[in-house]
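Asks: Sequence and predicted structure are below.
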Amino acid sequence: MCRIGSIKSKVPIQPSMALKLMLPQQEGHDNSGFAMVMQDLYGIFSGYKDKPLLSMAVTQKGAQLVEEYMDAHNFIQVAEWIPIPDKRPGLDIQAMPYYIFRNYDYPEETSHMTQQEKEDLLLDTRLALRKILEKADAGYVYSFWPDVLTLKEIGDPADIATYFHLWDDNGCLVAKSIVAQCRQNTNYDIVRYAAHPFFLQGYTLCANGENTFYTKNKEFQKSLHRGYIGFESDSQCFLNTLHYVHHELKWPLIYYKHVITPLPFEEMAEREDKDVLSSIRQSLANLEINGPNTIIGVLPDGTMMTCCDSKKLRPVVVGRTDDMVAISSEVCGINEIMPNRDETQDIYPSEREIVTIDENLEVKRWKQ
C-alpha cells in the first residue's frame, strides 16, 4: 500500500519536514522511489514566483534538446538551480545525469495573451518537451508552471533525500505547500512518470490505493483533453478527472466527489438536487472510480484537499497546529511532525466528504 502526505504551512518549510512526515510510515516503502511537488516557493526561487519553472531530469543530450526548443520558441532563461548531488557510495538511487530547475520569462509575443492562453502555452510546451525527450530517450520533464517545483526519482526515499541534500535545512529549497509520496504505483512498471504526485496546469494529486475502473477512465479521458496522456499509473486518472471537472467544466469542487464516487440511486432520489446528480452520473459515468483509495490534491488557488473512496477502505488523517496543517495516510506521520498538537482536533475524513484547507489554513468539511 502506498503512503502519501502533504503539508500546508503559514511559513516556508524545508523538504525535510515532508520526509519526516513520510518516513515513519516505513511499511509502505519498497524502495521504488520518492517524489514531491513543492508550491508557493521561497528560498532561491522567491524572486521568480511569476516566472514559469521547468522541472526536469535529463541526460546531457536531453538538456541540449530542451535548450534548443526553448530558444527556438523565444523563452528567455532568467534563473537556474542545478543541485549538486551527494554521491557517497552505497546510496540506493537510480540517478539521472542532470537535474535542472530553470525559470523562464514568457516570450514577448505572449504580452497580448489572456491568462488562459498563457496556461495553454505552458502545457503545450511541457507536452512538446516530453515528446522530444521520449523520442531521444533523453530524460523526463515533470512540470512547467510558475511557483511549482517537481522532483521524482527511483530508489530508497531516505537515500534520495541524502543525494539531493533534502535533509539539509539551509533555506535553499523551501515552500509553503508540499505534497509527497514514498512509493510508486508498483502494479505497473517502475518509471519516473508513474511516481506520484502528478501535476497538470496548477493541479497536483497523489493517491493511496488503486482504481479498478482504470481502463474505463483512461479510454474516456483520452478523448477529453490533450493533456491527459501517459497513463503510467491508474491513479493518474484521479488527477485528470479533477482537472476536467474543476478546470474544464468549471464546476465547484464538491462535484468532483459526486463524479468519482456518486451516491447510490436510492439516496440520490431523496435529494433536492437529484436531477443534477442524476445528470452528472449519466454523462460522466466513465469517470467513476472503484477500489480502495485516498486522494490528496492541491488546486491552482493553493487550496489543499483530501477525500476517500466510497467505502473508506484506505486511511487518512488531517492534523493541525496554528501554523501548519498536514494530511497523512497514517497518523504516525503527523505524530512525528506535530507531537504537541491537540489530537482531539484531528480529522478522519469519512467516505462521503471532501476536506479542504485554504490559504489561511482554515479547514472545511464538505459533505457529499
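Replies: On my side now, so go ahead.

Asks: what comes into contact with the lengthiest helix in the chain?
Replies: In the chain, with assignment by DSSP state H, the single longest helix is helix 115-136. The contact list for helix 115-136, computed with CB atoms under 8 Å, 6 or more residues apart in numbering, reads 52, 54, 56, 58, 61-62, 65-66, 69-70, 73, 75, 106, 110, 113, 138-141, 143-145, 200-202, 226-227, 229. For the C-beta atoms, the positions are set from N, CA and C on the backbone; glycine is no exception.

Asks: Could you rerun that using 7 Å?
Replies: By CB atoms under 7 Å, 6 or more residues apart in numbering, the surrounding residues in contact with helix 115-136 are 52, 58, 61-62, 65-66, 69, 73, 106, 110, 139-141, 143-145, 201, 226-227.

Asks: What pLDDT is listed against the residue lying farthest from the centre of the chain?
Replies: Checked against the mean C-alpha position of the chain, the extreme residue using CA atoms, centre = their mean is residue 270, at a distance of 35.8 Å. We have a pLDDT of 93 for residue 270.

Asks: could we number from 9 for the rest of this?
Replies: Shifting the count to begin at 9 puts that one at residue 278.

Asks: Specify the local secondary structure of it.
Replies: coil (DSSP: H, G, I helix; E, B strand; the rest coil).

Asks: what do you get for residue 91?
Replies: Assignment for residue 91 (three-state DSSP): coil.

Asks: Likewise for residue 373?
Replies: On the three-state scheme (three-state DSSP), residue 373 is labelled strand.

Asks: I'd guessed it sits against residue 361; true?
Replies: Yes. If you go by CB atoms under 7 Å, residue 373 and residue 361 touch, sitting 5.4 Å apart.

Asks: Name the residue in these two with the higher neighbour count.
Replies: residue 361 (18 against 12; other CB atoms under 10 Å).

Asks: At which residues are the helices of the stretch 9-158 of the chain located?
Replies: Along the stretch 9-158 of the chain, counting by DSSP state H, counting those that start in this stretch, helices occupy 23-30, 68-80, 123-144.

Asks: would CSV of the ones you listed with distance to residue 270, mean neighbour count and mean pLDDT be doable?
Replies: Output for the helices of the stretch 9-158 of the chain, formatted as CSV (distance: least, CB to CB, whole Å; neighbours: other CB atoms under 10 Å; pLDDT from 0 to 100):
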stretch, distance to residue 270, mean neighbour count, mean pLDDT
helix 23-30, 32, 23, 94
helix 68-80, 42, 15, 98
helix 123-144, 29, 16, 98
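
Asks: got those as a markdown table, with distance to residue 96 columns?
Replies: What follows is these, written out as a markdown table (distance: least, CB to CB, whole Å):
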| stretch | distance to residue 96 |
| --- | --- |
| helix 23-30 | 18 |
| helix 68-80 | 23 |
| helix 123-144 | 28 |
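
Asks: quick one: which of those helices is nearest residue 166?
Replies: Nearest to residue 166 among those is helix 23-30; the distance by CB to CB comes to 7.6 Å.

Asks: so how far is the longest helix of the chain off the chain centroid?
Replies: With CA atoms, centre = their mean, to the nearest Å as the basis, helix 123-144 stands 18 Å off its chain's centre.

Asks: circling back: mind checking which of the helices of the stretch 9-158 of the chain is nearest residue 348?
Replies: Among the helices of the stretch 9-158 of the chain, helix 23-30 comes nearest to residue 348, with 14.6 Å by CB to CB.

Asks: quick one: contacts of the closest one?
Replies: 11, 13, 15, 44, 165, 169, 174-175, 177, 181, 186, 188, 190, 334, 336, 341, 344-345.

Asks: Same check on stretch 170-183?
Replies: Contact with stretch 170-183 is made by 20-24, 27, 46-52, 91, 93-94, 99, 101, 103, 159, 169, as judged by CB under 7 Å, 6+ apart.

Asks: and the closest residue to residue 55 other than its chain neighbours, how many neighbours does it have?
Replies: Nearest non-adjacent residue to residue 55, counting by CB to CB, 6 or more residues apart in numbering: residue 87, 7.6 Å away. Here the count is done by other CB under 10 Å, and residue 87 has 15 residues near it.

Asks: separation between residue 87 and residue 44?
Replies: Counting by CB to CB, to the nearest Å, the gap between residue 87 and residue 44 amounts to 20 Å.

Asks: same check, this time on residue 306
Replies: Residue 306 is 12 Å from residue 44, by CB to CB.

Asks: do residue 329 as well
Replies: Taking CB to CB, one finds residue 329 at 21 Å from residue 44.

Asks: What of residue 205?
Replies: 7 Å.

Asks: And residue 296, by the same measure?
Replies: Using CB to CB, one obtains 29 Å as the distance from residue 296 to residue 44.

Asks: ok, those two, which is more surrounded?
Replies: Neighbours per residue, other CB under 10 Å: of residue 296 and residue 44, the larger number sits with residue 44, 29 against 18.

Asks: Verify the stated contact: the more buried one with residue 203.
Replies: No. Using CB under 7 Å, residue 44 makes no contact with residue 203, being 9.6 Å away.

Asks: Kindly state the pLDDT recorded for the residue nearest to residue 202 when sequence neighbours are not counted?
Replies: Nearest residue to residue 202 in three dimensions, chain neighbours excluded: residue 240, at 3.8 Å (CB to CB, 6+ apart). Here, the pLDDT recorded for residue 240 equals 88.
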